[in-house]
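> Need coordinates for the below:
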Amino acid sequence: MRSTWLALAISAAVLLSACSSGSGGQQRSQAAPKRSVGALALQEVAPQRLSEGQCALVLWTRVQPPRRVLVAFSDPTVARVQIAGKTVDLPQTVRSGEIVYGHAPRQTFEGNGIAISFNLEFDQRSGLVGGAIAPNGTLEMRTKGGWSAISPVAGLVACQPADGANP
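Purely as a prediction, here's the structure:
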């Protein structure tokens, strides 16, 4: 039991240190690196802070160096991406599959002339409490003009515990 708690604490610390700027997931970076995924300008998303009880899915590219390209929130159900130097929140339009901490393995988010879809494999490993990893997946970005790019991704689902919650 103690080793489970230790694994959770370490996992949470890693996630929160990687996602710890701003408040309530609302702060947006003005100086995100301008790296693209495939032919489209999908850039690195700034670290995010979760509100109490909020869960997020963070996706990274599987190229070197890995870049955080999408943060999807469970409430509200939006995906935050960085495109052409602007942070954009896209509303969820489709989701399917077994829900893991507020997130489905297949989701689509659309708006501002683009659609972003991903298909993941979630793994709820023993010893990992309050989250899951997504070791394999694909992310597809499509524009109204017909351009599309597909990229291999990996990710992590984690939740910010509610105040006073003890694992």
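
> Geometric centre of this protein: which residue is closest?
The chain has V58 as the residue nearest its centroid, 2.1 Å off, counting by C-alpha atoms, centre = their mean.

> Pretty sure it sits in a strand.
Yes: counting by DSSP: H, G, I helix; E, B strand; the rest coil, V58 is part of a strand.

> okay but it is in contact with L156, surely?
Yes: with contact defined as C-beta atoms under 8 Å, V58 counts as touching L156 (5.4 Å). No exception for glycine: its C-beta is placed from N, CA and C like everyone else's.

> low-scoring pLDDT stretches of this protein, where are they?
Within the chain, the ranges that satisfy pLDDT under 70 run 1-41, 126, 164-167.

> any chance you could map the helices in it?
For the chain, the helices defined by DSSP state H cover 2-18.

> which residues in it form strands?
For the chain, the strands defined by DSSP state E cover 42-43, 55-61, 68-73, 78-83, 86-96, 106-111, 114-123, 131-143, 148-159.

> List the pairing partners of the third one within its sheet, with orientation.
On the basis of DSSP bridges, the sheet neighbours of strand 68-73 come out as strand 55-61 (antiparallel), strand 78-83 (antiparallel).

> With distance to I114 as extra columns, can I get those in JSON lines?
Formatted as JSON lines, the strands paired with strand 68-73 follow (distance: least, C-beta to C-beta, whole Å):
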{"stretch": "strand 55-61", "distance to I114": "15"}
{"stretch": "strand 78-83", "distance to I114": "7"}
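
> Out of those strands, which is closest to A132?
Comparing the strands paired with strand 68-73 against A132 with C-beta to C-beta, the closest turns out to be strand 55-61 (9.1 Å).
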